[in-house]
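J.: 3D, please:
(2 chains)
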Amino acid sequence: QVLLVESGGGVVQPGTSLRLSCAASGFTFNSYAMHWVRQAPGKGLEWVAVMSSDGSKEYYADSVKGRVTISRDSSKNTLYLQMNSLRPDDTAVYSCAKQGAVYGDFDHWGHGTLVTVSS
Amino acid sequence: QTVVTQEPSLTVSPGGTVTLTCASSTGAVTSGYYPSWVQQKPGQAPRTLIFGTSNKHSWTPARFSGSLLGGKPALTLSGVQPEDEAEYFCLLYYGGSYVFGTGTKVTVL
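T.: Take a look at the predicted model:
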């Protein structure tokens, strides 16, 4: 079955960097676009970034553009999110999601990893 | 910055029907926005119930249906069950990027 497991979260100081990972299994990783979504404590879902199946295209939410980079390694079936210049409002649970055959169809989700940005 | 607005909360009786909508700040939504609906229960990972306006996954209960109503994506729950109490988010595609709606908390009372 499809499994998405995020890791790399933790408590970091403002202005520092962090790289999140999403280990994927149970499907042909390089056939599907992959997303990052975050949820701040007590808040709604916020889409963060997407990378196409072949890694040729990437898009970002305005709130993270220029500070965040999405990437993927098909040899490791892993999706990454490099986050720089972290701010307190980046505090959230970060989840990866697999896109199905249709735009907007996030057919499988991970449980997320918590990132806390605090001094 | 694009904002997608949903009803903050709705209450429905067991067995009743409720319709959730979402509105894009950019104007009327069409099928080209590939609207989807995501359910989230406390402490659980989200799961997508409806995608591409009205398509269902194998895990989507038959009582959930998606449509477009007056330029807004809509999610209708018919014959609501207690286990449908959750927060529901719409998701719209903007030609590369995506925006989630503000979320609707559905209470079954």
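J.: three-state assignment of the most centrally placed residue in chain B?
T.: The centroid of chain B falls nearest to residue B:37 when counting by C-alpha atoms, centre = their mean (3.8 Å). Each residue gets one of three states, and residue B:37 gets strand by DSSP: H, G, I helix; E, B strand; the rest coil.
J.: Give me the spatial nearest neighbour of it, chain neighbours excluded.
T.: Computed as C-beta to C-beta, 6 or more residues apart in numbering or on different chains, the closest residue to residue B:37 that is not its neighbour in sequence is residue B:50, at 4.1 Å. From N, CA and C alone the C-beta is placed, and that goes for glycine too.
J.: Wait, a strand at the one you found?
T.: Yes: assessed with three-state DSSP, residue B:50 lies in a strand.
J.: That one contacts residue B:39, doesn't it?
T.: No: between residue B:50 and residue B:39 there is no contact under C-beta atoms under 8 Å: 9.4 Å.
J.: and chain A, which residues reach chain B?
T.: Chain A has residues A:35, A:37, A:44-47, A:50, A:57, A:59-62, A:95, A:100, A:102-107, A:109-112 near chain B, with proximity defined as C-beta under 8 Å from any C-beta of the partner chain.
J.: follow-up on the earlier one: counting neighbours, go ahead and name the busier of residue B:50 and residue B:39.
T.: For residue B:50 versus residue B:39, the count of surrounding residues by other C-beta atoms under 10 Å in any protein chain shown is larger for residue B:50: 28 against 19.
J.: got a list of what the residue nearest to residue B:37 touches?
T.: Residue B:50 makes contacts with B:35-37, B:56, B:60, B:64-66, B:75, as judged by C-beta atoms under 8 Å, 6 or more residues apart in numbering or on different chains.
J.: If anything else comes up later, I'll come back, but that's it for now.
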